[in-house]
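**Q** Dropping the sequence and predicted coords here.
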Amino acid sequence: MKLKKALIVLLILVVSVVSAAFVLPKAGVKIASQATPDAFFNRFFQWKLGLDLAGGSALIYDIDLSAVAKAEQQSVLNGLKDVIERRVNLYGVSEPRIRVVDKGDKKQLLVELAGEKDLSGAVKQIGETPMLDFRENCSVSEQMMICSPTELTGRYIKKAEVTINSQGVTRPVVSLEFDVEGAKLFEDITGRNVGKPLAIFLDGQPIDAPTVSEKIIGGKAQISGDGIDMESANKLVERFNAGALSAPITLVNQRVVNASSADDSLKKIVFAGLVGVALVALFMVVIYRSLGVIAALALLFYIIFTLAIFKITPGFAMSLAGITGFILSIGSAVDANILIFERTKEEIRRGASRKAAIESGFKFAWSSIRDSNVNTILISIILFTFTSSFVKGFALTLLIGIIVNLVVTFTVTRALLRALVRNKRVKIATQK
């Protein structure tokens, strides 16, 4: 039994050391003017920092959903986010954060590009993503083509490529292939427009209006016309393969965060966090003596394990709000220990042995710890589900922190206490 407890403590120490090496930034990054070492494990995964820590820019677009049915809006918004992310990634901006938010009765698209300093090219790429749609019942009035929009838009494009039409005058043609849903729509639209023109509009301008000779089955179409040369055809194919917008967007605001100011904010909040942790650890040692030392060690393990989970979580980007949530969760971690230690002291005053008192402390303090943490977990889930922007980051880090805190308290702290109490190394202050 003694060997088993020793092995558990050894395992905790090994995992902690590996996790500590893992959470370090990549080798060469300076922390407090000192470059981080190459600890092997910090080669795996890299910290993803939010806009407020890495600097960069945020673009805000208004989304025009006037032509989209209410039932289709959520699908259109999801497709729009995917398309913009692919467009930005093609430009080379890593880990963009793209969200749809409510702005009164409008929808807006927020594109955060952490670390990106020259945005002119990225803005151009996003803005040039084409809005393609097919229209029917066309008529010409005062040299303008007026048509009725159909359900078929560029969101249904599966593949695009350039081919050459050698009939008559050689010219490039953009060949399109629709997905299953788009192919069905195209079949229905061409079926009801046999002998009539079916106009193709790009960014609100007609580029071709071929007459439909028969119902087209198979989901393939072609774009040609006098305005399509080889350069524009290649450009269209590039855009369509990245994704055509499912709804028009308009850039309305651009915010730039300077990297130096972001770095200054990071230093301040990390310093504040370190001071806070040191004061909490000092408080625990002064009040609970040896138990406080164990609590301080468990707090260190908690910080390491939580940071490791943050780093390995897919899509997680650390922000100032996230760090705030994490630091707040540290207070909850200490609260659990205080409840356990106070109950332990009560049991000792009643005459229980130290080992029995500690076991009772964990057993009887659990209900209070559970209730307080469940409430915080529920609040975090509500904030994460129904809010946006930096509030989500705060809620996520707080949620992860609370869950890790419960695991660490009832595994790491308990294992350390069991091992040390058995060897009679822990002195417990029982004075009221």
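**A** Good, I have the coordinates. Numbers count the residues shown, from 1 in each chain.
**Q** Give me the three-state assignment for residue 57.
**A** Following DSSP: H, G, I helix; E, B strand; the rest coil, the label given to residue 57 is strand.
**Q** measure it to residue 250 for me?
**A** Using C-beta to C-beta, to the nearest Å, residue 57 is found at 17 Å from residue 250. (C-beta placed from N, C-alpha, C; glycine too.)
**Q** what about those two, which has more around it?
**A** The residue with more neighbours, out of residue 57 and residue 250, is residue 57; 21 against 12, by other C-beta atoms under 10 Å.
**Q** residue contacts, residue 298?
**A** Neighbouring residues of residue 298 by C-beta atoms under 8 Å, 6 or more residues apart in numbering: 333, 337, 408, 409, 412, 413, 416.
**Q** Next secondary structure element downstream of the host helix or strand of it?
**A** Applying DSSP states H and E as the criterion places residue 298 in helix 290-312. Downstream of helix 290-312, the next assigned helix or strand under DSSP H and E is helix 320-349.
**Q** what does stretch 190-204 rub up against?
**A** Under C-beta under 8 Å, 6+ apart, the answer for stretch 190-204 is 130-138, 145, 147, 189, 206-216, 221, 223, 236, 248.
**Q** any idea of the mean pLDDT for that stretch?
**A** Across stretch 190-204, the average pLDDT comes to 84.
**Q** Would you mark the buried spots in that stretch?
**A** Residues of stretch 190-204 classed as buried by neighbour count (16 or more other C-beta atoms under 10 Å): 190, 193, 197, 198, 199, 200, 201, 202.
**Q** That stretch: how far from the chain's middle?
**A** Distance, stretch centre to chain centre, for stretch 190-204: 40 Å (C-alpha atoms, centre = their mean, to the nearest Å).
**Q** Can you give me the first-to-last residue distance of it?
**A** 21 Å (C-alpha to C-alpha, to the nearest Å).
**Q** now swap in stretch 98-109 and tell me
**A** 7 Å.
**Q** Can you pull out the residues in contact with that stretch?
**A** With C-beta under 8 Å, 6+ apart as the test, stretch 98-109 has contacts from 60-63, 65, 73, 77, 80-81, 84-85, 88, 110-112, 249, 252, 388-389.
**Q** Include secondary structure and distance to residue 365 when you put the buried residues of stretch 190-204 into a markdown table, please.
**A** Formatted as a markdown table, these follow (DSSP: H, G, I helix; E, B strand; the rest coil; distance: C-beta to C-beta, whole Å):
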| residue | secondary structure | distance to residue 365 |
| --- | --- | --- |
| 190 | helix | 71 |
| 193 | coil | 73 |
| 197 | strand | 77 |
| 198 | coil | 72 |
| 199 | strand | 72 |
| 200 | strand | 69 |
| 201 | strand | 67 |
| 202 | strand | 66 |
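**Q** Tell me which residues of stretch 281-289 come out buried.
**A** 281, 284, 285, 288.
**Q** The first one looks like it's in a strand, true?
**A** What it means is residue 281. No: using three-state DSSP, the assignment for residue 281 is helix, not a strand.
**Q** With adjacent residues omitted, what lies nearest to it?
**A** Counting by C-beta to C-beta, 6 or more residues apart in numbering, residue 296 is the residue found nearest to residue 281 once chain neighbours are left out, at 3.9 Å.
**Q** Show me the helices in the stretch 151-300 of the chain, by range?
**A** 180-191, 230-242, 259-288, 290-312 (DSSP state H, counting those that start in this stretch).
**Q** Least reliable of those helices by average pLDDT, please.
**A** Minimum mean pLDDT among those: helix 230-242, a mean of 70.
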